[in-house]
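Asks: Just a sequence and a predicted model for now, questions to come.
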Amino acid sequence: MVRSVAWGYVRIMAGTIVGGGLGFYVMHRLEISYKNSTGRNRKQINLNKKKNHYELVSP
């Protein structure tokens, strides 16, 4: 009986550690992909602003 309880604690601790590591990895990847996509969008917006500004300024 004691061995099965101890094994249960080991399984719970191992699952918690593995699950936490997996969750951290997934959130890290999501954050990186979000930053990359917003960076690309920001560059495109800035290029459009510059283009529109030059069109308005040019005769």
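Replies: Alright, I've got the coordinates.
Asks: quick one: average pLDDT of the strand or helix carrying residue 35?
Replies: When secondary structure is defined by DSSP states H and E, residue 35 falls within helix 2-57. Per-residue pLDDT values across helix 2-57 average out to 87.
Asks: Start the count at 153 instead of 1 going forward.
Replies: Sure thing, new numbering starts at 153, so read that last one as helix 154-209.
Asks: Which elements pack onto that helix?
Replies: Packing contacts for helix 154-209, counted by 3 or more C-beta pairs under 8 Å, 6 or more residues apart in numbering; DSSP states H and E, involve no helix or strand. Just so you know, the C-beta spots here come from the backbone N, C-alpha and C atoms, and that holds for glycine as well.
Asks: gap between it and the chain center?
Replies: The gap between where helix 154-209 is centred and where its chain is centred comes out at 1 Å by C-alpha atoms, centre = their mean, to the nearest Å.
Asks: Now do residue 162 against residue 175, distance only.
Replies: Taking C-beta to C-beta, to the nearest Å as the measure, residue 162 falls 20 Å from residue 175.
Asks: Ignore what I typed, I meant residue 165.
Replies: The span separating residue 165 from residue 175 equals 16 Å under the rule C-beta to C-beta.
Asks: Check residue 164 too.
Replies: Distance check for residue 164 against residue 175: by C-beta to C-beta, it reads 16 Å.
Asks: what does residue 196 give?
Replies: In this structure, residue 196 and residue 175 are 32 Å apart, going by C-beta to C-beta.
Asks: Repeat that for residue 182.
Replies: With distances defined as C-beta to C-beta, the gap from residue 182 to residue 175 amounts to 11 Å.
Asks: ok, now residue 197?
Replies: For residue 197, the distance to residue 175 equals 32 Å [C-beta to C-beta].
Asks: Over to residue 156?
Replies: 28 Å.
Asks: More neighbours: those two, which one.
Replies: A side-by-side neighbour count of residue 156 and residue 175, using other C-beta atoms under 10 Å, places residue 175 first with 10 against 7.
Asks: which residues touch the more buried one?
Replies: Contact criterion C-beta atoms under 8 Å, 6 or more residues apart in numbering gives no residues in contact with residue 175.
Asks: With that, I have no additional questions.
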